[in-house]
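> Pasting the sequence and the predicted model now:
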Amino acid sequence: MNRAFWLYLGVLVTVVASFMGLVQIPDHQLRGLEPVTDEQGVERPVRPEGGVLAGRQEYIGLGCLYCHSQQVRPEGFGSDIARGWGMRRTVARDHVWDAPPVLGTMRTGPDLANIAVRQPSAAWHLLHLYKPRLTSPGSLMPEYPFLFTEQRVELERPADALSFPTGDPRPGWVIVPTQRARDLVAYLGSLDHSYPVPEVRP
């Protein structure tokens, strides 16, 4: 009987200590995080709205987070900074508006925490979504043609029609992004964590 009491007490203490250490204390530490304000008075990270929020849902729904991470590792823990994936490590403040954060589970493709800095062209992203190997030869990324529609060219070419290196795949027709594709690219264009934060000293 005495042994059972100490066994149950040990299990209870372990569960309570684990809950405090893994849930309560981190929650207390992170609850007060606020965006930082840059020299122009803009809060970073910027609170997502409209198409960026819709694009985030597309990013999750299409499973992009299974092949791409959004967390730059610190120096000494990998070559992320040397590869140019970020100028500093990722901190919790970078994901203050994300619920839940989409940090990713693996890196079949490159980290996207700062893709808006590395590749600011929306036209590039749209072409990459339609046929990744046109912009990144050897890419393993699947194609997403269902995010686009084919339109006949009437009087003039639509401004958002894709521009292919070898010309349009079908003469007289153009490939135009749907709203889903535009939202996803708007989300990718918002991924800029290059601003300074107090957690990382220059």
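Right, received. Where do you want to start?
> Could you use CA atoms for every contact and neighbour count after this?
Fine.
> same question for stretch 8-20, mean pLDDT?
The average of the pLDDT scores along stretch 8-20 is 88.
> for stretch 41-60, same thing?
Across stretch 41-60, pLDDT averages out at 92.
> Give the buried residues for that stretch.
Neighbour-count burial for stretch 41-60 flags 44, 45, 46, 51, 52, 53, 54, 55, 56, 57, 58, 59 (criterion: 16 or more other C-alpha atoms under 10 Å).
> Can you tell me the SS state at the third one?
In other words, residue 46. Look at residue 46: counting by DSSP: H, G, I helix; E, B strand; the rest coil, its state is coil.
> what's the distance between it and residue 170?
40 Å (C-alpha to C-alpha, to the nearest Å).
> With the fourth one instead?
In this view, residue 51 and residue 170 are 30 Å apart by C-alpha to C-alpha.
> what's the following helix or strand after the least confident helix or strand in the chain by mean pLDDT?
Taking mean pLDDT, DSSP states H and E as the measure, helix 25-31 is the helix or strand of the chain with the lowest mean score, a mean of 73. Remark: after helix 25-31, the chain's next helix or strand is strand 36-37, criterion DSSP states H and E.
> Tell me the strands beside that next one, with direction?
strand 43-44 (antiparallel) (DSSP bridges).
> next helix or strand past the strand it pairs with?
Next element after strand 43-44 (DSSP H and E): helix 50-61.
> Quick one: distance of that next one to the chain centre.
10 Å (C-alpha atoms, centre = their mean, to the nearest Å).
> Render the CA-only coordinates of it in CSV, please.
Provided in CSV are the C-alpha atoms of helix 50-61 (Å, rounded to 0.1, in the frame of the first residue of the first chain):
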residue,chain,number,x,y,z
GLY,A,50,-7.5,39.8,-46.9
GLY,A,51,-5.8,37.9,-49.6
VAL,A,52,-2.8,37.1,-47.4
LEU,A,53,-5.0,35.4,-44.9
ALA,A,54,-6.8,33.5,-47.7
GLY,A,55,-3.4,32.6,-49.2
ARG,A,56,-2.3,31.2,-45.8
GLN,A,57,-5.3,28.9,-45.8
GLU,A,58,-4.4,27.8,-49.4
TYR,A,59,-0.8,27.2,-48.2
ILE,A,60,-2.1,24.9,-45.4
GLY,A,61,-4.7,23.3,-47.6
